[in-house]
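> This is a predicted model, with the sequence first.
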Amino acid sequence: MMNYIKGLFHGLGSLMTGLKVTGREFFTPKITEQYPENRATLKMFDRFCGELTMPHDAGGNNKCIACGLCQSACPNETIRITTETVTDPETGKSKKRLALYEYDLGACMFCHLCVNACPTGAIRFSTDFEHAVYTREKLVKQLNKQ
């Protein structure tokens, strides 16, 4: 009989804990985004991973050194880098140069491993989130051209 009463009080205590959480959530103010109408004022968080971008300076140059670390860090081969070797006329040394940087947005997991692996900070995620297209080919983007 004593175990029955202890179990009953324990069950009531658990029920009150659950009701306390539910009651607190019931009285908090709700926030509803009216998405298509507030498109101009909608602000995403800075940590949001929307689309991979490669920022360019005013001269159209980027910081990519074509090391390939972002390509090797990508778990599902979303990034494809094509490099070419050029000879520097001043020093005569051969150097790798970025020829093509392709990014498949449709296959990206947004894991952020490529951005973390980049030694120069040449790539980053933007906060753009509207990626609706009619064909998958439009999701493959070339980032090294402005």
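Structure's in. What do you need?

> same for the longest helix along the chain, what does it pack against?
In the chain, with assignment by DSSP state H, the single longest helix is helix 2-27. Packing partners of helix 2-27 (3 or more C-beta pairs under 8 Å, 6 or more residues apart in numbering; DSSP states H and E): none among the helices and strands. C-betas here are computed from N, CA, C, even on glycine.

> what comes up buried for that helix?
Using 16 or more other C-beta atoms under 10 Å as the burial criterion, none of the residues of helix 2-27 qualify.

> Check which element follows it along the chain.
strand 51-53 (DSSP states H and E).

> Need the residues that contact that following strand.
Under the criterion C-beta atoms under 8 Å, 6 or more residues apart in numbering, residues 79, 103, 105, 108, 114-115, 123-126, 128, 131, 141, 143 lie in contact with strand 51-53.

> now with 7 Å?
The contact list for strand 51-53 (C-beta atoms under 7 Å, 6 or more residues apart in numbering) reads Tyr103, Leu105, Cys108, Ile123, Arg124, Phe125, Ser126, Asp128, His131, Leu143.

> What average pLDDT does that strand get?
What strand 51-53 shows for mean pLDDT is 92.

> now do stretch 107-126
On average, stretch 107-126 scores 93.

> Output the longest strand belonging to the protein.
Longest strand in the chain by number of residues (criterion: DSSP state E): strand 94-104.

> quick one: low-confidence parts of the protein?
Within the chain, the stretches with pLDDT under 70 are 146.

> Just want the most central residue of it.
For the chain, Cys49 is the residue whose C-alpha lies nearest the centre (C-alpha atoms, centre = their mean; 2.5 Å).

> That residue reaches Phe125, doesn't it?
Yes. At 4.1 Å, Cys49 and Phe125 qualify as touching, with contact defined as C-beta atoms under 7 Å.

> what residues are shared contacts of the two?
With contacts defined as C-beta under 7 Å, 6+ apart, the residues adjacent to both Cys49 and Phe125 are His112.

> re the thing from before, quick one: contacts for the residue nearest to the centre of the chain?
Contacts for Cys49 (C-beta under 7 Å, 6+ apart) come out as Phe110, His112, Phe125.
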